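Visitor: what follows is a predicted structure for the sequence shown.
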Amino acid sequence: MNGIKIIGSGSAVPDHVVTNDDLAQIVDTSDAWISERTGIRTRHFIQADENASDLAILSAKRAVETAGIAPEQIGAVVVATITGDTTSPSTANRVALALGVEPNTPSFDISAACSGFVYALKVAQGMIADESRRPYAVVVGVEALSRDLDFTDRSTCILFGDGAGAVVVKSEPDAAFDAVLGAESDPAIGVPGDINKTEFITMDGRRVFRFAVRIMPKIIQDYLAKTGETLDDYDQVIFHQANTRIIEHASKKLGLTPDKVYENLDHYGNTSGASIPLALDEMVQMGRIKKGCRILCVGFGAGLTWGAAGITYTGPEH
Ligand code: UT7
């Protein structure tokens with residue numbers, strides 16, 4: 001099957017910034033506790049008149065613009081989210097409409113929480129593999145998690161933020177792309193459904209922490225065993241941004257140096273399915289990801305789910 005490569009990226013976050021001190025006004029916590037235990041200092045929250053689809057559409061439009069492609073060239077729209085506005089129309093349906101893709105273009109959401117973007121890359125590869133006329137897919141990770149936070153629970157409400165990241169991928173025979181994905185049914189993280197909020201995000205933090213530090217290095221080892229590569233074949237590793245201590249633990253175990261591991265938790269918090277593409281676009285914008293850069297995306301989260309995907313950023317073709 002053809003592989004895929006990234007030719008454009010975009011991102012979007014709500015304007016409203018919430019600091020640790022702001023949260024300390026609401027729950028019994030402190031800036032010192034949150035920043036020391038998680039690495040988070042600020043996060044962005046949607047306001048009453050904003051939805052996940054607004055962020056998804058903005059990030060997708062930016063990705064398509066930087067890719068320099070026309071809507072008629074898009075063969076699929078795949079959105080990873082657990083906090084879409086409604087189950088149907090899906091967030092991807094809304095993004096496809098806003099982009100103006102042709103009517104016979106598949107668009108749908110993927111529910112794999114913080115691993116969602118990695119899953120979506122793998123699915124997008126298959127969706128456009130036989131598309132010679134429209135070999136491009138828009139892949140978005142978006143969350144409006146603040147909508148589902150319990151602001152009486154200090155162990156969860158301090159962790160999450162809202163945002164979106166998007167990429168345009170192109171299907172090509174020679175594009176080096178691979179992925180390993182996994183899942184098990186485990187309620188360690190509970191996420192409510194649809195916009196009619198009936199319950200909140202719940203989490204056994206310590207249990208998830210232990211799972212994360214075990215699974216992150218293992219996914220990478222499984223991925224490298226599958227592709228026959230080493231970490232030297234990758235310029236940047238983008239971990240799901242959940243907790244700086246988890247990222248540091250995984251990096252140490254794998255012998256990764258800081259120049260290969262990006263973190264933006266301090267200003268976005270944990271944005272679940274959006275965290276990897278949000279970081280990716282930020283890295284492109286700051287020149288840390290350049291043309292030809294090999295990127296390893298590594299996610300874990302609710303489900304429980306996990307996955308790693310290796311892909312090349314080539315930038316726009318013209
Ligand atoms: O993307 C989804 C995946 N989710 C994750 O990756 C989350 C993984 N887990 C974590 O990141 C960490 O477990 C947390 C950040 C959630 C918690 O950190 P921890 O170091 O594991 O703390 P803890 O749960 O062991 O709690 C230690 C203490 C407790 O007090 P006692 O029982 O020792 O008196 C908590 O009640 O810290 C207390 N605590 C807080 N204190 C101040 C918990 N949350 C807070 C808070 N402010 N916000």
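Guide: Yes, it's here.
Visitor: mind listing what Lys61 touches?
Guide: Gly10, Ala98, Leu99 (Cβ atoms under 8 Å, 6 or more residues apart in numbering). Quick note: C-beta positions are derived from backbone N, CA and C, even for glycine.
Visitor: from those residues, which land in strands?
Guide: Among the contacts of Lys61, DSSP state E puts Gly10 in strands.
Visitor: which ChimeraX command selects the buried ones in the contacts of Lys61?
Guide: Selecting only the buried entries of those in ChimeraX, with 16 or more other Cβ atoms under 10 Å as the criterion:
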select :10,98,99
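Visitor: so what's the residue count around the closest residue to Arg134 other than its chain neighbours?
Guide: Nearest in space to Arg134, with sequence neighbours left out and distances taken as Cβ to Cβ, 6 or more residues apart in numbering, is Gly75 at 3.6 Å. Gly75: 25 surrounding residues under other Cβ atoms under 10 Å.
Visitor: again with Phe117
Guide: 34.
Visitor: ditto for Ala113
Guide: Neighbours around Ala113, by other Cβ under 10 Å: 25.
Visitor: Ala175 too?
Guide: There are 17 residues near Ala175, going by other Cβ under 10 Å.
Visitor: hang on, the earlier thing: quick one, phi psi at the residue nearest to Arg134?
Guide: In terms of degrees, to the nearest 10, the main-chain angles of Gly75 are phi -100, psi -10.
Visitor: coming back round to it: out of the contacts of Lys61, who's nearest Ala80?
Guide: Gly10 (14.9 Å; Cβ to Cβ).
Visitor: can you give me the buried ones in the longest helix seen in the chain?
Guide: Once the chain is assigned using DSSP state H, the helix that runs over the most residues is helix 205-227. Applying a neighbour-count criterion of 16+ other Cβ under 10 Å, one finds 208-209, 211-213, 215-220, 222-224, 227 buried in helix 205-227.
Visitor: which parts of this protein sit against the ligand?
Guide: 29, 33-34, 37-38, 114, 154-155, 158, 189, 205-206, 208-209, 212, 242-243, 246, 270, 272, 301 (Cβ under 6 Å from any ligand atom).
Visitor: drop anything exposed from those.
Guide: 29, 34, 37-38, 114, 154, 158, 189, 208-209, 212, 242-243, 246, 270, 272, 301.
Visitor: the longest helix of the chain - what's its average pLDDT?
Guide: Across helix 205-227, pLDDT averages out at 96.
Visitor: packing partners for it?
Guide: Under the contact definition 3 or more Cβ pairs under 8 Å, 6 or more residues apart in numbering; DSSP states H and E, helix 205-227 sits against strand 178-186, helix 244-254, strand 293-301, strand 303-313.
Visitor: which residues are contacting it?
Guide: Taking Cβ under 8 Å, 6+ apart as the rule, helix 205-227 contacts 155-156, 178-180, 182, 188-189, 230-231, 237, 239, 242-243, 245-247, 249-250, 253-254, 296, 298, 300, 304, 306-310.
Visitor: for PyMOL, write a command that selects the buried ones of the residues you listed.
Guide: Buried residues within the contacts of helix 205-227, by 16+ other Cβ under 10 Å, are selected in PyMOL with:
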select buried, resi 156+178+179+180+182+188+189+237+239+242+243+246+247+249+250+254+296+298+300+304+306+307+308+309+310
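Visitor: secondary structure class for Gln47?
Guide: coil (DSSP: H, G, I helix; E, B strand; the rest coil).
Visitor: ok, it to the ligand distance?
Guide: Going from Gln47 to the ligand by Cβ to the nearest ligand atom, to the nearest Å gives 23 Å.
Visitor: tell me, what's the model's pLDDT at that residue?
Guide: Reading off the confidence values, Gln47 has pLDDT 96.
Visitor: could you measure it against Arg37, distance?
Guide: Going from Gln47 to Arg37 by Cβ to Cβ, to the nearest Å gives 27 Å.
Visitor: kindly report the same for Ser53.
Guide: Taken as Cβ to Cβ, the span from Ser53 to Arg37 is 32 Å.
Visitor: hmm, back to that, and which of the contacts of Lys61 is nearest the ligand?
Guide: Nearest to the ligand out of the contacts of Lys61 is Gly10 (Cβ to the nearest ligand atom; 22.3 Å).
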